[in-house]
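Visitor: coordinates for the following, if possible.
(chains A and B)
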Amino acid sequence: MFDDARIPAEIRSSLMNAAVPPVDLAAIRRRMNALSERPFGRPVRARLALASAAAIIAGLFLTTASPALMQSVEERYAAALHAAGIGPRIPTALPQDVRSVINPSQVSLATAKQRANFVLVPPIGLPHDIANRRIFTAPLAVWSKQENAWSADGVQVTFGYVRRDGRAFDIIADRYSALSLPAPRYIYNVDDVPRTGKPNLRDRGENFVWRNGDQMVHMVASAAISAGEIDRIRAAMHGIPLPRYDGHSRKPVENRVERFAIPR
Amino acid sequence: MGFTVDPSLVREAQRDGAALEALLVALWPEAYRVALGVLHDRGLAEDAAQEACASIALGLPGLRSDDAFYTWMYRIIIRHAMVSAKRIAKVAEVNLPAEPSTVSSDEERLDIVAAIAALPKSQRAAVVLRYYAGFNSGEIAAVLGAPAPTIRFHLMLARRTLRRALAIIDSSTSADLEVVPNVR
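Guide: Modelled structure (predicted):
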């Protein structure tokens, strides 16, 4: 007869008597390599989400001298954004010379401060279980509709953090632009994007945008970092929350410039 | 808590590759059994345990306190097992194998394993940590990131479900015995 006292004993006995396969250290090592090679263990869809984040929130601004400049990443990312209704389609693939210039590079904090075209305020108030931090900078690719040509401009600084349990998140900083606002309230994660067809929207994360001087900070809530933790970071940095709008459709803006960065 | 490793091995493993391998060898059976308790599938459990070991190995240098090792370790194992469980739940058509060799040849043990497999994921993790790893509700709360009263509630629900399921199994076994002809 089973009773409450026998339940623990049976469970323990069942698992203790389970045949344990031999430990495959080589397989574990392979998984470790895969995890460390993957940028902070982030899956493609999360990188796409970041691309979306960069695409949507990194800045739309108007200039009278160069109307309708459009900056972008790789074609497939932009195609994903376009198909998802949250971004334009890229007219041509990014040429290799521009691609090589805008590749993100890992730098020290001092170098990131030198490269940034704004006063870089490093994040504080982070969760206590941060195991690793890396900083990347990357210029942004620019597509000019007038000149039909690519160029590179500006700098985006990405602080990548890994928590002790392997979860990873990013904090993206770039130059503040009032014309990039309001920012979307949610960033939509998409599956790996097919060359043709509309990608599947998998889930969404709340998007947080705030300002520190002329720096604009972007973070997206996910399984790696909660909205509460993001708000604590913002509060510790004394960031001023910036306005957001609901929905995933961008408000129509004429003559805008969109700033994209290649996801790491 | 049943599973322990030498604290000096944990400290050594944070700096030395050979010690890290020794630590992985030591914690592998525990990782596999916990994953098996949540997943009830040998292949998935091995996969989740390997992922967990890789995460543990990568995260170990950042571990600041030896005291936190067990909570941290079980959290990683449970998280990888839950991710696998979520993945197979999404597929929906996945048939959990009911091979006797997965756990034990003892029928009663199989019954309880089957009964655990029928529990919701959150209850499964709590049951494995409580009754296999020997954690109290506060420790389980720390591992699962949920309030201790919630854990106690999950355990109460799990016990009720297990009791009901096992009573049915037990009564059916008894009934089988009763129909054996009396040879006297």
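
Visitor: which pLDDT value belongs to A:Ala236?
Guide: We have a pLDDT of 93 for A:Ala236.

Visitor: count of neighbours near it?
Guide: 12 (other Cβ atoms under 10 Å in any protein chain shown). Backbone N, C-alpha and C define where each C-beta goes, glycine included.

Visitor: closest residue of the stretch 51-200 of chain A to chain B?
Guide: With Cβ to the nearest Cβ, the shortest gap between the stretch 51-200 of chain A and chain B falls at A:Ala131, namely 2.7 Å.

Visitor: count of residues packed around the residue lying closest to that residue once chain neighbours are set aside?
Guide: Distance criterion Cβ to Cβ, 6 or more residues apart in numbering or on different chains; nearest residue to A:Ala131, sequence neighbours excluded, is B:Gly62 at 2.7 Å. Number of residues near B:Gly62 (other Cβ under 10 Å) recorded here: 16.

Visitor: circling back: confidence score at the residue of the stretch 51-200 of chain A closest to chain B?
Guide: 86.

Visitor: could you grab the helix/strand/coil label for it?
Guide: strand (DSSP: H, G, I helix; E, B strand; the rest coil).

Visitor: tell me the pLDDT at the nearest residue to A:Asp246 once chain neighbours are set aside?
Guide: In space, and not counting its chain neighbours, A:Asp246 is closest to A:Arg185: 5.1 Å by Cβ to Cβ, 6+ apart. Note on A:Arg185: pLDDT of 80.

Visitor: distance of A:Arg185 relative to A:Ala178?
Guide: For A:Arg185, the distance to A:Ala178 (Cβ to Cβ, to the nearest Å) stands at 18 Å.

Visitor: out of the two, which sits in the busier spot?
Guide: A:Arg185 (16 against 10).

Visitor: what about that one, distance to A:Val209?
Guide: The value you get for A:Arg185 to A:Val209, if Cβ to Cβ is used, is 10 Å.

Visitor: who touches both of the two?
Guide: Counting by Cβ atoms under 8 Å, 6 or more residues apart in numbering or on different chains, the contacts common to A:Arg185 and A:Val209 are A:Arg244.

Visitor: would the helix or strand where A:Arg29 lies count as contacting chain B?
Guide: For A:Arg29, the host element (DSSP states H and E) is helix A:25-37. Yes. Against chain B, helix A:25-37 shows contacts by Cβ under 8 Å from any Cβ of the partner chain at A:25, A:27-29, A:31-32, A:34-36.

Visitor: buried residues in that helix?
Guide: A:25, A:28-29, A:31-32, A:35 (16 or more other Cβ atoms under 10 Å in any protein chain shown).

Visitor: those: which two are farthest apart?
Guide: Using Cβ to Cβ, the buried residues of helix A:25-37 reach their maximum pairwise distance at A:Leu25 and A:Leu35, which is 15.1 Å.

Visitor: how about the residues of chain A near chain B?
Guide: Where chain A comes near chain B, counting by Cβ under 8 Å from any Cβ, the residues are A:1-4, A:7-8, A:10-21, A:23-25, A:27-29, A:31-32, A:34-36, A:129-132, A:162-166.

Visitor: sorry, back to before: the residue nearest to A:Ala131 contacts A:Asn132, doesn't it?
Guide: Yes. With contact defined as Cβ atoms under 8 Å, B:Gly62 and A:Asn132 form a contacting pair (6.5 Å).

Visitor: so what's the residue nearest to B:Ala54 when sequence neighbours are not counted up against?
Guide: Distances taken as Cβ to Cβ, 6+ apart put A:Arg31 closest to B:Ala54, at 3.7 Å, once the chain neighbours are dropped. Residues in contact with A:Arg31 (Cβ under 8 Å, 6+ apart) are B:50-51, B:53-54.

Visitor: can I get these in TSV with secondary structure?
Guide: Formatted as TSV, the contacts of A:Arg31 follow (three-state DSSP):
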residue	secondary structure
B:Gln50	helix
B:Glu51	helix
B:Cys53	helix
B:Ala54	helix
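
Visitor: of those residues - the most surrounded one?
Guide: With neighbours taken as other Cβ under 10 Å, the top of these is B:Cys53, carrying 29 neighbours.

Visitor: got a list of what that residue touches?
Guide: A:23, A:28, A:31, B:24, B:27-28, B:31.

Visitor: from these, which one has the minimum pLDDT?
Guide: Ranked by pLDDT, the contacts of B:Cys53 bottom out at A:Arg31, which has 83.

Visitor: that residue and B:Arg79, how far apart?
Guide: 15 Å.

Visitor: regarding A:Trp210, what is its secondary structure?
Guide: Criterion first, three-state DSSP; result for A:Trp210: strand.

Visitor: quick one: pLDDT of it?
Guide: 93.

Visitor: relative to A:Ala110, how far out is it?
Guide: Taking Cβ to Cβ, one finds A:Trp210 at 24 Å from A:Ala110.

Visitor: ditto for A:Asn207
Guide: Taken as Cβ to Cβ, the span from A:Asn207 to A:Ala110 is 29 Å.
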